[in-house]
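Peer 1: Prediction below, plus the sequence it came from.
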Amino acid sequence: MLLSVDNLRVSYEKIKALHGISFRIDEGEIVCIIGANGAGKSTTLRAISRLVPVEAGTNMTFMGRDLLQYPPDKVVSKLGISHVPEGRRLFDNLTVMENLRLATFARRDGKGIANDRDRVFSIFPRLSERQHQKAGTLSGGEQQMLAVGRAFMSGRKIMLLDEPSMGLAPLLMMSVFDSLKEINREGTSILVVEQNARMALQFAGRGYVLENGRVVLEGRSEQLLANPRVKKAYLGG
Amino acid sequence: MVIFLQNLVNALQWGSFYALIALGYSMVYSILMLFNFAHGDIFMVGSYIGFGVSMGLIALASSGLVAMPNWLILVLTILFSMFLTSFVGMIVERVGYRPLRDAPRASAAITGLMIGIILETGNLALLGARRVSFPSLIETTTYDVSGVFVTNKKIMIVVVSLLLAFALHQFVRRTRWGMAMRAMAFDFAVVPLMGVPVNTMAALTFAIGSALAAAAGILFGVAYPVLDPYMGILFGWKAFVAAILGGRGSVMGATLAGFLLGFTEIFVAMIFPSTLRDLIAYSIILLILTVRPHGFFGEPYSARLRL
């Protein structure tokens, strides 16, 4: 087991966002969490990245290590958990190359960094063409590529993706998901949260359905796609 | 013309102090979204640390243990005091600001005011109410350049200030720490996801800003050798003005705005009675800010505060 989340509880001020959810991801898997806006999907990823405090009783382990012992930057640099945040959140004032370089801030393996950068440019040739441009000048699709590329450079064990399909035209979305499949085949596990349930379930092998901060369903993607409740609530009948 | 050039020389020196202090203000403000109102007092502390270090070095040299020419004592004083004052800045960040990073900005701002008062009165408690004289380490040599008087001290002050500003500019542009600082200035919340330890970066930001303020404090002591615990207040306010006027996140902007303040003050004093200097000078600056509310070289930044 790569990542195990057990009884994850998070509150913002007095409002409970997650009521003790549990899930796990094995090495090499693609897993999705689907749910409506406000179900707690982003909060789940934030909790794994240690960006929000969790409540007592929460247990999270990554490769057998207690995740709660790591500050946010070490989650990335020591454990290899990268996070593509909602809305991409690139550094618009830095160039494409600088965005990629910043993601390797804590890395010391010059050769490995160079290899990874070449790999990012081979997966996303557009980024190579635009490497000296400011990230703020990229198109939406290119920005998503850079966001994924940045995560690829910062941590390679698992990638947490927050709504990667958001704001992308269908064709572009397909191509981003294809690239993610390619990255996955090379050994990076993926945890994706999506409102676009159909896309997410076609992409992932397994899924969890989150409603009001609770996991209400889980299973193989085919099962969930065929589940009447999922069909009704998330796949438009 | 000679009068104009003479004032220009004086303005360059005067602006150097503002520029160096403004750099630290500007860094903390743009990278950490914080008005460090204690920064003027860090300048004062740096000046006093410079005083202490130089007295120590002078004693060491006169004891005959180590032979040091005065210019070397000055260089060592600047370097060593910058180093020591950077720790003062890091302590201020750790004790005063880090616990309040997620607090309302107004709370962090009054923290700065309180730390300022603590530094001023702490100095008073430690050294008493007397003023201290910064030791004269280099003899003033005056050069007469066709009627314009330039001293070796003025040249040194301006050159050292410009070198430090240039070094900071290069640091921010070229190193990975500088890159992380630019990223923090744009969108603080995402930076930890890049594997960047933001607490270390915050400490580094305060350390660099404080070191530059210490350099300003010593250069000030060289030009105006009387130090007192409240010397940093007005300087701090004015440097803050320069930092905002320079534009968020711009090293060059803060430097130029520091010099602009120096020029405005000196040239106003050239025309009007010196008692009206700040009244008129800062009315002019206020007008400039009205026309350019984002300052001269403001970098864009994300309005999103949280992830």
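Peer 2: Yep, that arrived.

Peer 1: I'd like the secondary structure assignment at the residue sitting furthest away from the middle of chain B, please.
Peer 2: Relative to the centre of chain B, and counting by CA atoms, centre = their mean, the farthest-placed residue is B:Gly64 at 34.7 Å. Judged by DSSP: H, G, I helix; E, B strand; the rest coil, the three-state class of B:Gly64 is coil.

Peer 1: Check A:Gln131 too.
Peer 2: From three-state DSSP, the assignment for A:Gln131 is coil.

Peer 1: so what's it up against?
Peer 2: Shown in contact with A:Gln131 (CB atoms under 8 Å, 6 or more residues apart in numbering or on different chains): A:95-97, A:121. Placement of C-beta: from N, CA and C, glycine included.

Peer 1: rerun that using 6 Å as the cut-off
Peer 2: A:96-97 (CB atoms under 6 Å, 6 or more residues apart in numbering or on different chains).

Peer 1: who in the stretch 51-200 of chain B is up against chain A?
Peer 2: Within the stretch 51-200 of chain B, the positions lying close to chain A (CB under 6 Å from any CB of the partner chain) are B:176, B:179, B:183, B:186-187, B:190, B:192-197.

Peer 1: Of those residues, which qualify as buried by neighbour count?
Peer 2: Buried members of those, counted by 16 or more other CB atoms under 10 Å in any protein chain shown: B:179, B:183, B:186-187, B:190, B:192-197.

Peer 1: Surely B:Met194 touches A:Ala103?
Peer 2: Yes - using CB atoms under 6 Å, B:Met194 is in contact with A:Ala103, at 5.0 Å.

Peer 1: any residues in contact with both of the two?
Peer 2: Residues touching both B:Met194 and A:Ala103 (CB under 6 Å, 6+ apart): A:Ser154.

Peer 1: and A:Glu211, how many neighbours?
Peer 2: A total of 15 residues lie near A:Glu211 under the criterion other CB atoms under 10 Å in any protein chain shown.

Peer 1: For it, grab phi and psi.
Peer 2: Here is the backbone geometry of A:Glu211 (degrees, to the nearest 10): phi -130, psi 130.

Peer 1: same deal with A:Gly35?
Peer 2: phi 170, psi 170.

Peer 1: Sticking with the nearest residue to it once chain neighbours are set aside, tell me its helix or strand.
Peer 2: What sits nearest to A:Gly35 in space, not counting adjacent residues and going by CB to CB, 6 or more residues apart in numbering or on different chains, is A:Leu210, at 3.6 Å. Here A:Leu210 sits within strand A:206-211, counting by DSSP states H and E.

Peer 1: strands paired with the helix or strand just after that strand, and their directions?
Peer 2: Using DSSP H and E, the helix or strand that follows strand A:206-211 towards the C-terminus is strand A:214-220. Applying DSSP bridges, strand A:214-220 is found paired with strand A:206-211 (antiparallel).

Peer 1: list the buried ones in the partner strand?
Peer 2: For strand A:206-211, a neighbour-count test (16+ other CB under 10 Å) marks A:206-210 as buried.

Peer 1: want to throw the residues you listed into TSV with distance to A:Ile158 and pLDDT?
Peer 2: Formatted as TSV, those follow (distance: CB to CB, whole Å; pLDDT from 0 to 100):
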residue	distance to A:Ile158	pLDDT
A:Arg206	14	97
A:Gly207	16	97
A:Tyr208	15	97
A:Val209	21	96
A:Leu210	18	96
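
Peer 1: and which of those residues is nearest chain B?
Peer 2: Proximity of these to chain B (CB to the nearest CB) peaks at A:Leu210, which lies at 18.3 Å.

Peer 1: Pretty sure the closest one sits against A:Cys32.
Peer 2: No - counting by CB under 6 Å, A:Leu210 does not reach A:Cys32; the two are 10.3 Å apart.

Peer 1: So which residues of the chain form strands?
Peer 2: The chain I'm using is chain A. A:3-12, A:15-25, A:30-35, A:59-62, A:65-66, A:81-84, A:158-162, A:189-194, A:206-211, A:214-220 (DSSP state E).

Peer 1: sorry, should have said chain B
Peer 2: Under DSSP E, chain B gives strands at B:132-133, B:142-145, B:148-151, B:226-227.

Peer 1: Adding mean pLDDT and mean neighbour count, write the ones you listed out as JSON lines.
Peer 2: Below are those laid out as JSON lines (pLDDT from 0 to 100; neighbours: other CB atoms under 10 Å in any protein chain shown):
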{"stretch": "strand B:132-133", "mean pLDDT": "91", "mean neighbour count": "14"}
{"stretch": "strand B:142-145", "mean pLDDT": "92", "mean neighbour count": "10"}
{"stretch": "strand B:148-151", "mean pLDDT": "94", "mean neighbour count": "16"}
{"stretch": "strand B:226-227", "mean pLDDT": "94", "mean neighbour count": "16"}
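
Peer 1: looking at those strands, which is closest to B:Met44?
Peer 2: For B:Met44, the closest of the strands of chain B is strand B:226-227, at 7.5 Å, according to CB to CB.

Peer 1: what's in contact with the closest one?
Peer 2: Identification of contacts with strand B:226-227 by CB under 6 Å, 6+ apart yields B:47, B:131-132.

Peer 1: Also stretch A:166-181?
Peer 2: Around stretch A:166-181, the neighbours that count as contacts under CB under 6 Å, 6+ apart are A:123, A:140-141, A:144, A:165, A:203.

Peer 1: Buried ones only from those, please, as a PyMOL command.
Peer 2: Selection of buried members from the contacts of stretch A:166-181 for PyMOL, criterion 16+ other CB under 10 Å:
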select buried, chain A and resi 123+141+144+165+203
